[in-house]
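A.B. asks: generate a structure from the sequence data that follows.
(one chain, ligands or ions: 1)
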Amino acid sequence: MAALVNTVLGKINVDSLGKTLCHEHFVYGCPGFEGDCTLGGYNRDKALASGLEIAEKLKKCGVKTVIDATTNDNGRNPLLYKEISEKSGLQIICCTGYYFEGGGSPPYFRRWLGKGGEEAIYEMFMAEITDGIAGTGIIPGVIKVASSKNIITDYEKAFFKAAVKVQKETDIPIITHTQNGTMGPEQAELLLSEGANPAHIIIGHMCACTDIAELVKTLKYGVTLGFDQFGLDGVGAPTDEVRKASLIGLIGLGYGNRLVLSHDTVIYWMGRDSQPKPSVKTWYMTHLFDNVVPSLKNTGLTDQQINVLFDDNVKHIFAG
Ligand SMILES: [Zn+2]
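C.D. replies: Alright, predicted model coming up:
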């Protein structure tokens, strides 16, 4: 039986995923933006218009599906995604999950650590996956977990463990955030030691890691790596040149079936327009198709080698 995938509009067959971006954000808010509601806040009309505009551009590039990786504590907005998807025809998969300790909203679940917190997180994941998110009926297609730079904190470990417990019952894919591409092997080790299936795991932002040995070490666990920050040049991240070098190297080593691509762009930032955020010309949601794919072809990669990164490799995350 073919695997089914939960999009914000309901279940689809895994074969209908098509060309997929594995990690983007239609909306995103740094926790605390809610408090700046007088000057900032959230303009739904603007967020919808921006989302629809980008959806049209993506469709022209042949993209059929986007995984929105915005976590529960960073302003995840399933009803907005649903409207974007209904009006544009772009398939959107949302997640259930929490961000890393320094970037999310830790006080709430941190109070429960050692007092049933992991169980409480498990219950939240299961409720959303079973009944939908907060009465919307929208079911997340992936679980997102995250760790800090050079450490997976106890708070973060509780989410990893709860996610694996859910995956063992439901087969739901787990996607991760690594901070600056650190802790890739440690994330894989933790997930697998809890009993996760590496076929259903994307270790994210690993294109931020410039140590090829570390990338290979992570791949040895059988997981897929997210090369999912293309275009985010400078600002503490490697350049696209370096990302491409790692990507081509890993494909050359035979890992072309376990790499997926995306940009990690944010279409609408919740909060004040003037807030500091990365301003990089190449960081937009069709950059891969406008610039990266053509230059990968110039290096000698074939259409087939490139297409699997967007298509088959994502499909395998869901189908196992
Ligand atoms: Zn992201």
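A.B. asks: for stretch 4-17, C-alpha coordinates in CSV please.
C.D. replies: In CSV, the C-alpha atoms belonging to stretch 4-17 read as follows (Å, rounded to 0.1, in the frame of the first residue of the first chain):
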residue,chain,number,x,y,z
LEU,A,4,-0.1,8.7,2.5
VAL,A,5,1.1,12.2,3.4
ASN,A,6,-0.9,14.8,5.4
THR,A,7,-1.0,18.2,3.7
VAL,A,8,-2.9,21.1,5.1
LEU,A,9,-5.8,20.2,2.7
GLY,A,10,-5.8,16.5,3.7
LYS,A,11,-4.1,13.3,2.8
ILE,A,12,-2.4,12.8,-0.6
ASN,A,13,-0.6,9.8,-2.0
VAL,A,14,3.2,10.0,-1.6
ASP,A,15,3.5,9.8,-5.4
SER,A,16,1.7,13.1,-5.7
LEU,A,17,4.3,15.1,-3.8
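A.B. asks: how many neighbours does the residue lying closest to C209 once chain neighbours are set aside have?
C.D. replies: Among residues not flanking C209 along the chain, G181 sits closest, at 3.1 Å (CB to CB, 6 or more residues apart in numbering). In short, each C-beta sits where N, CA and C put it, glycine included. Applying other CB atoms under 10 Å, we find 25 residues neighbouring G181.
A.B. asks: and the gap between G181 and the ion?
C.D. replies: To the ion, G181 is 13 Å away according to CB to the ion, to the nearest Å.
A.B. asks: repeat that for T176.
C.D. replies: 10 Å.
A.B. asks: now C61
C.D. replies: Distance from C61 to the ion, counting by CB to the ion: 20 Å.
A.B. asks: surely that residue meets T286?
C.D. replies: Yes. Assessed by CB atoms under 8 Å, C61 is found in contact with T286 at 5.3 Å.
A.B. asks: any weak-confidence spans in the stretch 1-150 of the chain?
C.D. replies: 1-2 (pLDDT under 70).
A.B. asks: quick one, what contacts the spatially most central residue of the chain?
C.D. replies: Nearest to the centroid of the C-alpha atoms of the chain, with distances taken as CA atoms, centre = their mean, sits H23, at 3.5 Å. If you count contacts by CB atoms under 8 Å, 6 or more residues apart in numbering, H23 has them with 67, 69, 175, 202, 204-205, 226, 228, 262-264.
A.B. asks: about what we covered before: phi, psi for the residue nearest to C209 please.
C.D. replies: phi 70, psi 20 (degrees, to the nearest 10).
A.B. asks: any idea how far the residue lying farthest from the centre of the chain is from the ion?
C.D. replies: In the chain, T38 marks the outermost C-alpha relative to the chain mean, sitting 30.3 Å out by CA atoms, centre = their mean. Going from T38 to the ion by CB to the ion gives 27 Å.
A.B. asks: one more: G40?
C.D. replies: For G40, the distance to the ion equals 20 Å [CB to the ion].
A.B. asks: my guess is that residue contacts Q275, does it?
C.D. replies: Yes. Under the criterion of CB under 8 Å, G40 makes contact with Q275 at 7.3 Å.
A.B. asks: so which of the two has more stuff around it?
C.D. replies: G40 (19 against 14).
A.B. asks: ok so, going back, I'd assumed the residue nearest to the centre of the chain was in a strand, is it?
C.D. replies: Yes. Counting by DSSP: H, G, I helix; E, B strand; the rest coil, H23 is part of a strand.
A.B. asks: please list the residues of the stretch 1-150 of the chain that sit near the ion.
C.D. replies: Residues of the stretch 1-150 of the chain lying close to the ion by CB under 5 Å from the ion are A69.
A.B. asks: how about the residue in the stretch 1-150 of the chain positioned nearest to the ion, phi and psi?
C.D. replies: The stretch 1-150 of the chain approaches the ion most closely through A69 (4.6 Å), counting by CB to the ion. Backbone geometry at A69, expressed as degrees, to the nearest 10, gives phi -100, psi 20.
A.B. asks: burial count for it?
C.D. replies: If we define neighbours as other CB under 10 Å, then A69 has 29 of them.
A.B. asks: from L113, how far out is the closest residue in space to it that isn't next to it in sequence?
C.D. replies: Distances taken as CB to CB, 6+ apart place H23 nearest to A69, at 4.7 Å, with adjacent residues excluded. Using CB to CB, to the nearest Å, we find H23 at a distance of 27 Å from L113.
A.B. asks: now swap in C37 and tell me
C.D. replies: Going from C37 to L113 by CB to CB gives 29 Å.
A.B. asks: neighbour count for the two, which is higher?
C.D. replies: Using other CB under 10 Å, the more surrounded residue of C37 and L113 is L113, with 16 against 12.
A.B. asks: and the helix or strand where K168 lies, how far out from the chain's middle?
C.D. replies: Assigning secondary structure by DSSP states H and E places K168 in helix 154-170. Its chain's average C-alpha position is 16 Å from that of helix 154-170, according to CA atoms, centre = their mean, to the nearest Å.
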